[in-house]
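Undergrad: need a 3D model of the sequence below.
(chains A and B)
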Amino acid sequence: DAKTTQPPSMDCAEGRAANLPCNHSTISGNEYVYWYRQIHSQGPQYIIHGLKNNETNEMASLIITEDRKSSTLILPHATLRDTAVYYCIVRSDSGYALNFGKGTSLLVTP
Amino acid sequence: ETGVTQSPTHLIKTRGQQVTLRCSSQSGHNTVSWYQQALGQGPQFIFQYYREEENGRGNFPPRFSGLQFPNYSSELNVNALELDDSALYLCASSLGGRTEETQYFGPGTRLLVL
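TA: Residues are numbered from 1 along each chain as shown, chains lettered A, B, ... in the order given. I've put the predicted structure just below:
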């Protein structure tokens, strides 16, 4: 599975959009981009995933560049409860393991 | 809430002992994956069980073993505990084997080895 690069930490003001970037320059055609988040000491929570097209659900939007070498997770109106570590994971359709990196620690401030 | 449950929530063991952790998968899911998360690190894949058979394994020694039962619940067993085994142990359930599917995590079991 392709490796990902994320900034170690980011801040966002409450009510603003949080845009979390992820680079995955070695991604191949059958690999999906997954996003999970982990609030302190809890199990990781699935957010969203995509292959080529942009995706949106009730939690977030996922924007994947046309060359698929990077993506951005967007939390449209961040709240204090969105403070967590966000993991970007690239996974093949035959890959059984999720390879978590260090993720991005997002702090949402009042 | 994902519907994935784990027991116990916390556990304290001493070095050399053995431990069994349990996971109940989400209704309808036939695959369970186990992960170890050391403090300050991301989760690391231990192994996956699909329809009662080990489907893949990460870089963990044989003293980490598992089982999956006909109802798709699963156990993680760790023998000869070492201090470095202290971690949050996570299980995740999903539908399918090695095809693309989403894994849903339980709350984890925190193991402390003294």
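Undergrad: what's the burial count for residue B:68?
TA: Each residue near residue B:68 was counted by other C-beta atoms under 10 Å in any protein chain shown, and the total is 22. For the C-beta atoms, the positions are set from N, CA and C on the backbone; glycine is no exception.
Undergrad: equivalent analysis for residue A:70, please.
TA: Using other C-beta under 10 Å, residue A:70 has 18 neighbouring residues.
Undergrad: same thing with residue A:99?
TA: One way to gauge burial is a neighbour count; for residue A:99, by other C-beta under 10 Å, it gives 18.
Undergrad: check which helix or strand covers it.
TA: Taking DSSP states H and E as the definition, residue A:99 sits outside all helices and strands.
Undergrad: touching chain A at all, the lowest-mean-pLDDT helix or strand in chain B?
TA: Comparing helices and strands within chain B by mean pLDDT, DSSP states H and E singles out strand B:53-57 as the least confident, with a mean of 90. Yes: part of strand B:53-57 sits near chain A under the criterion C-beta under 8 Å from any C-beta of the partner chain, namely B:55-56.
Undergrad: paired strands for that strand, with orientation please.
TA: According to DSSP bridges, strand B:53-57 has the following sheet partners: strand B:44-50 (antiparallel).
Undergrad: what sits up against the strand it pairs with?
TA: Contacts made with strand B:44-50 from outside it, assessed by C-beta atoms under 8 Å, 6 or more residues apart in numbering or on different chains, are listed as A:96-100, B:30-38, B:54-60, B:64, B:66-68, B:74, B:76, B:96-98.
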